[in-house]
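Enquirer: Below is the structure, and that's it, no one-letter string:
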């Protein structure tokens, strides 16, 4: 089983739609969680950290469910510029390396 | 630009040749990571440094791969006797502390022909 699993998509949504991505992780003692965004042929960039209490940044909301070992990302009012691959990232317990999922591709259409 | 810097951006090499990539992290960051990414996959961890100490290595880092960070600042990743399967984007990242977000360079795209 992969340490971090994501639905690869693609998710094709119209502008203005709300879209949600989930990610599951295998190490129950993991302690740091992030969502990164990666545009085609570019480096990953931090979108937001994910806290136990959940957090929101504008149109983006991230939540963590430790009991079920999953992380979610909700994007409201999708923009064309949101089209990218969204990478779920976990730092497993006992390690320092960020462990990435394979990414979920989002395509927002006009 | 005070972000993570990688050099070269692109490298084409013949199978069997050795290649070396350089990474300059954000200046105050003493944690440095190397990753490899192929098309359609997320970045795969290769190795981690805290200052000059290499504290974590993936089993992906075969004997042909070696990384150094001699003075705790820039780092190099060398691949010896390159194979076609080594073709990938090699990403470097740095962070200020453990368990915090890392910031990535633009990567070195390696093509082995």
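Expert: In hand now; what should we look at? Just so it is clear, the model here is predicted, and its values are computed rather than measured.

Enquirer: show me the residues around residue A:87 that make contact.
Expert: For residue A:87, the contacting residues are A:6, A:35-38, A:44, A:100-101, A:103, B:42-43, by C-beta atoms under 8 Å, 6 or more residues apart in numbering or on different chains. For glycine as for every other residue, the C-beta is placed from the backbone atoms N, C-alpha and C.

Enquirer: List the buried residues for the strand or helix carrying residue B:20?
Expert: Using DSSP states H and E, residue B:20 sits in strand B:19-24. Neighbour counts over strand B:19-24 (16 or more other C-beta atoms under 10 Å in any protein chain shown) mark B:19, B:21, B:23-24 as buried.

Enquirer: I'd like the average pLDDT over stretch A:51-62.
Expert: For stretch A:51-62, mean pLDDT is 93.

Enquirer: For it, report the contacting residues that lie outside it.
Expert: Counting by C-beta under 8 Å, 6+ apart, residues outside stretch A:51-62 touching it are A:35, A:47-50, A:63-64, A:66, A:71-77.

Enquirer: Figure out the length between the terminal residues of it.
Expert: Stretch A:51-62 has its terminal residues 8 Å apart, counting by C-alpha to C-alpha, to the nearest Å.

Enquirer: same check, this time on stretch B:2-18
Expert: Chord length of stretch B:2-18, first to last residue, is 29 Å (C-alpha to C-alpha).

Enquirer: So which residues make contact with that stretch?
Expert: Contacts of stretch B:2-18 (C-beta under 8 Å, 6+ apart): B:19, B:21-27, B:78-84, B:90-94, B:103-113.

Enquirer: returning to what we had before: which one of the buried residues of strand B:19-24 sits closest to chain A?
Expert: Nearest to chain A among the buried residues of strand B:19-24, counting by C-beta to the nearest C-beta, is residue B:23 at 11.9 Å.

Enquirer: With adjacent residues omitted, what lies nearest to that closest one?
Expert: Among residues not flanking residue B:23 along the chain, residue B:92 sits closest, at 3.4 Å (C-beta to C-beta, 6 or more residues apart in numbering or on different chains).

Enquirer: That neighbour belongs to a helix?
Expert: No: using DSSP: H, G, I helix; E, B strand; the rest coil, the assignment for residue B:92 is strand, not a helix.
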